[in-house]
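Peer 1: My questions are about this predicted structure, shown below with the sequence.
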Amino acid sequence: MGNSFGCSASGERLVSAARDGDLIEAKMLLECNPCLAKYSTFGGLNSPLHFAAAKGHKEIVALLLENGGDVNSRNYCGQTALMQACRYGHWEVVQTLLLFRCNVTRSDYLSGRTALHFAAVSGHARCIRLVVADFVPSAPYEAINAQTDSDRGDGTDVKNKYDQSALSKFVNKAADGGITGLHMAALNGYFDCVQLLLDLHANVSAVTCHYGTSMDLIGAGSTPLHYAACGGNLKCCQVLLARGASRITLNCNGWLPIDVARMWGRHWLEPLLAPDSNLIVPTFPSSIYLSLPLSSVLNIARECGLQSSTTSSDDTDVCAVCLERACSVAAEGCGHELCVKCALYLCSTCNIPSELVGPPGSIPCPLCRYGIISFNKLPGSPPKENKLHISLGLCNPCMLPSRDPDCQSPVRTPEIRKNRVASVSSDLLCPVTCSPFPSVAIPLCTCNDGPCPSFEPREVETQDQSPHRSQAMSMDQEKMDGSRLQRTSCSSMFWGRRSCSREHQCNSEINA
């Protein structure tokens, strides 16, 4: 919608404004034609919302959504604006998208990655905290206080009395090849993400599978500990072992985690990963990125909005943090009142250990340092005003026969798709041999005992055929081939499969 010749020029102007963060230009274009918020490019089908989310322009994201932009719109790869924001770590954009009730469980068409996978593979713990906010309800203080007596103190049973099936299912949702967010965070050595995912009931024994993956250098049946051994981060291995990971689990190649560590030159992990190791594994507290009151204040912000009107009346309490907006929420327990915007930012940014103030996941009050686990809406808080969108009749899509909003097509049911959808042509689908995570940065190989083990038959054939090359080959081509062979390492072999052209096309549009 919005790709007709009548509005393509204005749509491209809005795309440029969304990419460059030009709020004035975006406002002017949307005032003239609000339908431009649903524009999408011809190549990658990226909407202006995708561009603004990928670049971190939260004001333009809110402006597009207020003017009728689809918060769950997909591009050519099936990726939403939430996935783009989690890919680049723009947590404020993630917060804005959640306020407009985006769908966090959607998967892309290429490899079944959710927004949680994109955040975990890049190490953005704040984005993970926000993405799972709706799955961790803010419990009453009495229930949490009664539960702390029975907790083990390691943060793994933060909310045992509540149904964790939805949270566990979402956190452990596997992408192509059985890869979970915990696998990718452990591979790249993001300790904060690994610790947070474990506190959110991530399965430490989840294994990868044979189909649809290019991870054959580690092998199918690998646990997050195998991936942490490949990445080489000591703290990630320690926290996995402390939460129940096994040193003696064999993958389908018959490798233990210590074998993977030796293969990739992570010799400093051998004393810890040895099956008969006597090293004492340290205990880790709960993650500093847990946030119990985030769900409650997020629901209040959805109902009341963030921009509360400031009144000059003497009987109206002004927020003691920003001194601008009227108080609309109260912290349960201490009773201190804040505006909903300050409360939401407090829950989204706080990373103070909760053991100092209260139960795991509590947020310290900025006024008295009391542990907050929930916020309550103050009586008299005005509901959020819904903006009415008036579309002009100058754009060609506006002149098409309008569809009755009451009779919706059954195709638009909000069901969650697994990996691919039937509506996409088979010739457009990426083959299963494409790398699920082509943008992952794995630490360089540190093999000191010789060259890295080669698992690529292509390069052996290249070396065997090199004496039979034609004498007419140019010197530039020979230099290019030589430099490619010299740069081959464990990292390039692990992720050296051919990249998906569809995702490259979508990302090159955004990053142009």
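Peer 2: Okay, I see it.
Peer 1: Buried residues of stretch 301-308, list them for me.
Peer 2: Under the neighbour-count criterion of 16 or more other C-beta atoms under 10 Å, stretch 301-308 has 301, 304-306, 308 buried. For the C-beta atoms, the positions are set from N, CA and C on the backbone; glycine is no exception.
Peer 1: pLDDT on that stretch, on average?
Peer 2: Mean per-residue pLDDT for stretch 301-308: 79.
Peer 1: Next: stretch 16-28.
Peer 2: Stretch 16-28 comes out at a mean pLDDT of 95.
Peer 1: Enumerate the positions of that stretch that are buried.
Peer 2: For stretch 16-28, burial by neighbour count (16+ other C-beta under 10 Å) applies to 17-19, 21-22, 25-26.
Peer 1: Could you tell me the end-to-end distance of it?
Peer 2: Stretch 16-28 stretches 13 Å from its first residue to its last (C-alpha to C-alpha, to the nearest Å).
Peer 1: For that stretch, give me every contacting residue.
Peer 2: Residues outside stretch 16-28 that contact it (C-beta atoms under 8 Å, 6 or more residues apart in numbering): 13-14, 29, 48-49, 51-52, 55, 57, 59-60, 63-64, 510, 512.
Peer 1: Please indicate which of these are buried?
Peer 2: Buried subset of the contacts of stretch 16-28 (neighbour count, 16+ other C-beta under 10 Å): 13-14, 29, 48-49, 51-52, 55, 57, 60, 63-64, 510.
Peer 1: With respect to Ala81, which of the residues you listed is nearest?
Peer 2: Closest approach to Ala81 among the buried ones among the contacts of stretch 16-28 (C-beta to C-beta): Leu49, at 4.5 Å.
Peer 1: quick one, phi psi at the closest one?
Peer 2: phi -70, psi -40 (degrees, to the nearest 10).
Peer 1: Leu63 is in contact with that one, correct?
Peer 2: No - with contact defined as C-beta atoms under 8 Å, Leu49 does not reach Leu63; the gap is 10.0 Å.
Peer 1: Which of the contacts of stretch 16-28 scores worst on pLDDT?
Peer 2: Minimum confidence in the contacts of stretch 16-28 sits at Ala512, scoring 73.
Peer 1: what secondary structure does the residue lying closest to that residue once chain neighbours are set aside sit in?
Peer 2: Spatial nearest neighbour of Ala512, chain neighbours left out: Arg19 (7.9 Å); criterion: C-beta to C-beta, 6 or more residues apart in numbering. Under DSSP: H, G, I helix; E, B strand; the rest coil, Arg19 falls in the helix class.
Peer 1: now the chain, which segments are flagged as low pLDDT?
Peer 2: Scanning the chain with the threshold set as pLDDT under 70 gives 1-7, 139-164, 211-216, 307-316, 381-382, 384-500.
Peer 1: State the number of residues packed around Glu31.
Peer 2: 10 (other C-beta atoms under 10 Å).
Peer 1: actually Lys173, not the one I typed
Peer 2: By the criterion of other C-beta under 10 Å, Lys173 has 18 neighbours.
Peer 1: how about the nearest residue to it, chain neighbours excluded?
Peer 2: Leaving aside its chain neighbours, Lys173 sits nearest to Thr114 (6.0 Å; criterion: C-beta to C-beta, 6+ apart).
Peer 1: Please apply the same query to Gly219.
Peer 2: Asn253 (3.6 Å).
Peer 1: my guess is the one you found is in a strand, correct?
Peer 2: No - using three-state DSSP, the assignment for Asn253 is coil, not a strand.
Peer 1: right, and it touches His210 too?
Peer 2: No - with contact defined as C-beta under 8 Å, Asn253 does not reach His210; the gap is 11.4 Å.
Peer 1: Spit out the contact partners of Thr96.
Peer 2: Taking C-beta under 8 Å, 6+ apart, we find Thr96 in contact with 58, 61-62, 65.
Peer 1: Please identify which helix or strand holds Ser348.
Peer 2: Using DSSP states H and E, Ser348 sits in helix 340-349.
Peer 1: what does that helix contact?
Peer 2: Contacts of helix 340-349 (C-beta under 8 Å, 6+ apart): 91, 95, 126, 129-130, 291, 293-294, 297-298, 300-301, 304-308, 319, 321-322, 325, 328-329, 331, 338, 363, 366, 375, 381.
Peer 1: Show the buried residues in those residues.
Peer 2: Buried members of these, counted by 16+ other C-beta under 10 Å: 91, 95, 126, 129-130, 291, 293-294, 297-298, 300-301, 304-306, 308, 319, 321, 325, 328-329, 331, 338, 363, 366, 375, 381.
Peer 1: Please enumerate the strands of this protein.
Peer 2: Assigned by DSSP state E, the strands in the chain fall at 329-331, 337-338, 363-364, 371-372, 375-377.
Peer 1: Quick one: the ones you listed as a markdown table, columns for distance to His267 too.
Peer 2: Formatted as a markdown table, the strands of the chain follow (distance: least, C-beta to C-beta, whole Å):
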| stretch | distance to His267 |
| --- | --- |
| strand 329-331 | 50 |
| strand 337-338 | 51 |
| strand 363-364 | 41 |
| strand 371-372 | 43 |
| strand 375-377 | 49 |
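Peer 1: before we move on, back to that, how much space is there between the residue nearest to Lys173 and Ala120?
Peer 2: For Thr114, the distance to Ala120 equals 10 Å [C-beta to C-beta, to the nearest Å].
Peer 1: Who has more neighbours out of those two?
Peer 2: Ala120 (33 against 26).
Peer 1: what's the nearest residue to the more buried one once chain neighbours are set aside in contact with, if anything?
Peer 2: Of all residues not flanking Ala120 in the chain, Gly181 sits nearest, at 3.5 Å (C-beta to C-beta, 6+ apart). By C-beta under 8 Å, 6+ apart, Gly181 lies in contact with 116-117, 119-121, 128, 171, 193, 197, 202.
Peer 1: how about 7 Å then?
Peer 2: By C-beta atoms under 7 Å, 6 or more residues apart in numbering, the contact set of Gly181 is 116-117, 120, 171, 197.
Peer 1: Ok, Glu92 next?
Peer 2: Counting by C-beta under 7 Å, 6+ apart, Glu92 makes contact with Lys58.
Peer 1: separation between the residue lying closest to Tyr109 once chain neighbours are set aside and Arg106?
Peer 2: Sequence neighbours aside, Gly78 is the residue nearest to Tyr109 in space, at 3.3 Å (criterion: C-beta to C-beta, 6+ apart). Using C-beta to C-beta, Gly78 is found at 8 Å from Arg106.
Peer 1: Of these two, which one has the most company?
Peer 2: A count of neighbours by other C-beta under 10 Å puts Gly78 above the other of Gly78 and Arg106, at 24 against 19.
Peer 1: For the more buried one, give me its contacts.
Peer 2: Taking C-beta under 7 Å, 6+ apart, one finds 108-110 in contact with Gly78.
Peer 1: Pro293 now?
Peer 2: Contacts of Pro293 were listed using C-beta under 7 Å, 6+ apart, and they are 138, 347, 363, 372-375.
Peer 1: which of those residues count as buried?
Peer 2: 138, 347, 363, 372-375.
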